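Student: Take this sequence and fold it.
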Amino acid sequence: MNTPKPLFTALLSLAIVSQPAWGSGNALSDPLLAVDRYRASIVNRVVVTWSPELAGRGLTPERFGERIHALRSDQLLAVSLMSSLSDVLAVADPEAAPEAGMIGYVPIAPCSARVDTGVRDCDLPGDAFALFVMDASGSASTVRVGSTASGPAGEVDVLGYFTTGTAAVMVAVPKANVITGTGAFAGGGDLNTASGDYAVAAGGYANTASGFRSAVGGGVSNAATTDVATVAGGGSNTASGFAATIAGGYGNAAGGGSSFGSIGGGQSNRTNGLHATVAGGNANTAGGQESSVGGGYLNYATGFRASVVGGAGNVAYGENANIGGGFNNQAGGYASYIGGGYFNKALGVRSFVGGGSYNTNHGPYATIGGGGSSSSAMGNIATVAGATIAGGQNNKAGALTDPVGCPGLPSFATHATVSGGLDNVAAGTYATVGGGNGNAANVFSEMGACGASTGFAPTVSGGMLNHATGSYAAIGGGWSNVASGAWATVPGGYSNAASGYNTFAAGSNAKATFGGTFVWADNNSFNFASTATNEFAARATGGVRFVTAINASTGAVTAGVGVAAGGGSWTSLSDRAVKKDVAPVDARAVLARVAAMPLYTWRYLTETSGALHLGPMAQDFRAAFALGDSDRTITTIDADGVALAAIQGLHALLHERDAELARLHHKADEVDVLKRELSAIKAKLGLR
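Tutor: Numbers count the residues shown, from 1 in each chain. Okay, here's the model as predicted:
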C-alpha cells in the first residue's frame, strides 16, 4: 500500500476546525462533506502535486484539472490520498491506467480503534491503515492498526475506509482529548493529550502535556514534554527542557538543554542553555547558560550570560557579551559590548564597539566608538589592550594587521588612540592620532609592516600624511611632517622633520637633525637644516623682528629689535616717541670715563671656537656709566651710546685744541712779521 499524500490531511484539518469538537456528540460522520466544501482547493493541490509528471502522460495541467474536478466526492477523496500518478489516473481516467483498480469510499458509523494495540470495535478489513490528523497545520501520521505502532499511541474515531484491488485505507481522526497520566487533567478544546502524571492540557487544539507536572494552557499543537515544562499558548511550540516555559508565539522551542529556559513569544525562537531566555522576535536562539535574546530576527546569544537585545543576525558568543541591536554584529570577547550598527565585531576581553559598520575590536579593554565604512576593507580596527578609536574610517589603533597574522606583535603596544579621521594609525603604547588623513603615530615607515616600533607615547594631532615615530614625539598638523627623534616636535607646516632628540622644526622644509636644535624655515622650497647640536636656526628671507613691548592701548610696538630682509645686523627701536627721561650728556665726561675704563682682550669660557674678543667687563662698564639693568651684561645700544658720546667729547676736545693751535699759528705769523720788520730795521741801521 502506498503512503497517502498529505493533501487530505489539510482537508481533514479544515473539516475539524469548521465542525463541533470531536467527542462532543457531533463528530464528523462523513468526510465527503468536507470534500465537497473544499473541492476547488483540493483539485488545485492535486494538479500542483502531479504537474511535473503530466507531460510524460500526454496531459496538460488544464486537462488534468478538468478531469479531477469532475470526480465524485468519494473519488476525489481517494485521489487526494494517493501517492502514485497511476492510481490517480486510474480513478480520473481508467483508460490512461487500466492496470489500477477502482477505489471506492465506504462510510461507516463512527467507531473506535486503538492505534498502538489494534483493539477496535469496528468491522474493517484486517489490512486497513489509519490516516489521522496530528495538528491544525496539516501534518499527519499513517499507522497500521493492529501492528507495532509507527505513530502516536491512543484511540481514534474511524469514519470510513477505501478499498482498492490491493489494500484498504482507513479514514480516522484522534479522539477529542486523551488523559492517560495519573492525576492528569484536560480542561477543554480538541485533540489535547495529558499523558504525564499530574499534567494539564487546559484547552486549545492538538496540544500535548506529556511531562511530569507539565502544562499547556491553550493554543494549537503545543507540547510540554518534560518535567514541569509549560506552554501557555500559541502554536506549534515545544517546551522540552526541565521547567522550561513558552508564553506563546509560533514554532518556538525551549530545548532539552534549556532547563529553566523561557520564551516569551514570537516565531521559531529557541533556548538551549540553562536559564536561557528569548523574549520574542523571529528565529532567535539563546544557547548559552543564562543567556538572553530580547527580540529581532536570527539573533544568537550562545555565550554564558551573553545577551542580544534586538536587531538581526547578531551573535553574542563571548561570556557576558552583549549586543544592543543592529545587523550582523559579533561580540565574542569576555564582557564585550556592541551597541548597534552592522558587521561590527568586539572580540577582545571587555572590548566595546558603540556602533558604525565593519569595525573590529580585538583589543582587551579597547574601544571603538563608531564610524567605519560600507565595506570590510575600510572599517576601523583596534588590536591592542586599552586601544581607542572614537570614529572615522579605516583607522587602526594597534598593529597594522590582524594579530592572527602578526604573532610577533609587541605586548607593550597598548592604549593607542585614534580620535577620528581617515586611514590613521596609532600603533605604539600611548600613541595618539587626533584625526586627519593618513597620519601615523609610532609605526615603521613601511606601512605594510606587521607590528609597532619601539617609540613610546608619540602624538599626531591632525593634518595629513604626518608620522610621529619617536618616543614622546609630537606633530600638531600640517602635511608630510616627520617627528622621529625622542621628544621631537613639529607644530605644523609642510615637509618638516625633527629627527634629533629634543628638536623643533617648523615652517616649510625645516630639518632639525642635530639634537636640541630649533629650526624655522620660511616659505621656500629648499631644505633648511641645523648645522650643530643645540642650535637655534631660522631662515627668514623677509627679515626678522623681535618685539619686546607694545602700547597697552593701541598695540603699537614700543620696543624691540630686528634684522632687515637681506640684512646682516640688528636694528633696535630708538624712536624718541617711545623714550622718557631724555637728558643731555656731558660728552667730555663720558670720554674721560671711557679713557679711564679698563679694556681687555678675552675669550668666552663656553665658546667652542675659542674666538678672541676685545672690550670692557660689564662690571667696569656699569661702574663707569651706571647704564643697563645689570652689572653682568652690556646692551649694544648702551655701548653704542657711550661710544658716540665719547666721540662727541673727543670731537669737542679736538675742536678746542684746533682753535688754540689756530690762535698760536696766528701769533706765530705776527712774530714772523715782526721778525721781518726787525730784520729790515737792522739792515737799515747796519746792525747784525
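
Student: Where does L89 sit: helix, strand or coil?
Tutor: helix (DSSP: H, G, I helix; E, B strand; the rest coil).

Student: again with R632
Tutor: What three-state DSSP gives for R632 is coil.

Student: need the contact list for the closest residue to it other than its chain neighbours.
Tutor: Leaving aside its sequence neighbours, R632 sits nearest to A618 (CB to CB, 6 or more residues apart in numbering; 5.2 Å). Glycine gets a C-beta too; all of them are placed from N, C-alpha and C. Going by CB atoms under 8 Å, 6 or more residues apart in numbering, A618 touches 630-634.

Student: What is the nearest of the residues you listed to K682?
Tutor: I634 (66.2 Å; CB to CB).

Student: give me the number of residues near A540?
Tutor: Neighbours of A540 under the rule other CB atoms under 10 Å: 13.

Student: That one is in contact with N524, isn't it?
Tutor: No. Contact criterion CB atoms under 8 Å: A540 and N524 do not qualify, at 10.2 Å.

Student: Can you tell me which of the contacts of A618 are buried?
Tutor: Buried by 16 or more other CB atoms under 10 Å: I634, out of those.

Student: need the contacts of A618 in CSV with distance to S221, can you?
Tutor: Below are those laid out as CSV (distance: CB to CB, whole Å):
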residue, distance to S221
S630, 103
D631, 108
R632, 103
T633, 103
I634, 107
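
Student: Residue ranges in the chain under the pLDDT threshold?
Tutor: 1-35, 37, 93-110, 112-176, 257, 399-413, 443-455, 688 (pLDDT under 70).

Student: what residue is smack in the middle of it?
Tutor: Residue closest to the mean C-alpha point of the chain, counted by CA atoms, centre = their mean, is N359 at 3.3 Å.

Student: got a list of what that residue touches?
Tutor: 341, 344-345, 353, 368, 370-372, 379-381, 389.

Student: at 7 Å instead, please
Tutor: 344, 353, 368, 371-372, 379-380 (CB atoms under 7 Å, 6 or more residues apart in numbering).

Student: again, but for P491
Tutor: 476, 506.

Student: Swap in 8 Å and give it another go.
Tutor: 475-478, 504, 506.

Student: Look up how far G256 lies from the residue nearest to the centre of the chain.
Tutor: From N359 across to G256, the span is 37 Å (CB to CB, to the nearest Å).

Student: again, but for A498
Tutor: 67 Å.

Student: the more surrounded of these two?
Tutor: Using other CB under 10 Å as the criterion, A498 and G256 rank with A498 on top: 33 against 15.

Student: Quickly list what that one is bridged to.
Tutor: A483, A512 (DSSP bridges).

Student: Ok, A346 next?
Tutor: Beta-bridge pairing of A346 under DSSP bridges involves A331, N361.

Student: distance of it from F625?
Tutor: From A346 to F625 the distance is 76 Å (CB to CB).

Student: got the buried residues for stretch 383-402?
Tutor: For stretch 383-402, the neighbour count (16+ other CB under 10 Å) marks 383-401 as buried.

Student: what does stretch 509-528 give?
Tutor: Under 16+ other CB under 10 Å, the buried positions of stretch 509-528 are 509-521, 528.

Student: Please apply the same query to stretch 619-636.
Tutor: 620-622, 624-625, 628, 634.

Student: again with stretch 643-655
Tutor: 645-646, 648-650.

Student: same question, stretch 423-442
Tutor: 423-442.

Student: Stretch 366-385 too?
Tutor: Here stretch 366-385 shows 366-373, 378-385 as buried, counting by 16+ other CB under 10 Å.

Student: hmm, back to that, which one of the buried residues of stretch 643-655 is nearest A668?
Tutor: Looking across these and measuring by CB to CB, the closest to A668 is L650, at 25.9 Å.

Student: which one of the contacts of P491 has the most neighbours?
Tutor: Highest count within the contacts of P491 by other CB under 10 Å belongs to I475, 32 neighbours.

Student: so who does that residue touch?
Tutor: Taking CB under 8 Å, 6+ apart as the test, what I475 contacts is 439, 459-461, 463, 466-468, 481-483, 489-492.

Student: hey, what's it bridged with?
Tutor: Applying DSSP bridges, one finds that I475 bridges with V460, V490.

Student: Next, find the distance separating it from S530.
Tutor: For I475, the distance to S530 - CB to CB - is 18 Å.

Student: Over to S73?
Tutor: 106 Å.

Student: Neighbour count for those two, which is higher?
Tutor: Neighbours per residue (other CB under 10 Å) separate S73 from S530, with S530 holding more: 25 against 18.

Student: Touching, that one and T513? I think so.
Tutor: Yes. Contact criterion CB under 8 Å: S530 and T513 qualify, at 5.6 Å.

Student: How about the contacts made by L465?
Tutor: Contacts of L465 by CB under 8 Å, 6+ apart are 437-439, 479-480.

Student: Can you convert those into a markdown table and add a column each for secondary structure and distance to K579?
Tutor: Conversion of the contacts of L465 to a markdown table gives the following (DSSP: H, G, I helix; E, B strand; the rest coil; distance: CB to CB, whole Å):
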| residue | secondary structure | distance to K579 |
| --- | --- | --- |
| N437 | strand | 53 |
| G438 | coil | 54 |
| N439 | coil | 51 |
| W479 | strand | 46 |
| S480 | coil | 48 |
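
Student: which SS state does the closest residue to I681 other than its chain neighbours fall under?
Tutor: Leaving aside its sequence neighbours, I681 sits nearest to L687 (CB to CB, 6+ apart; 7.9 Å). Following three-state DSSP, we place L687 in the coil state.

Student: Next, count neighbours for L687.
Tutor: If we define neighbours as other CB under 10 Å, then L687 has 9 of them.

Student: For it, give its distance to E677.
Tutor: Applying CB to CB to L687 and E677 gives a distance of 13 Å.
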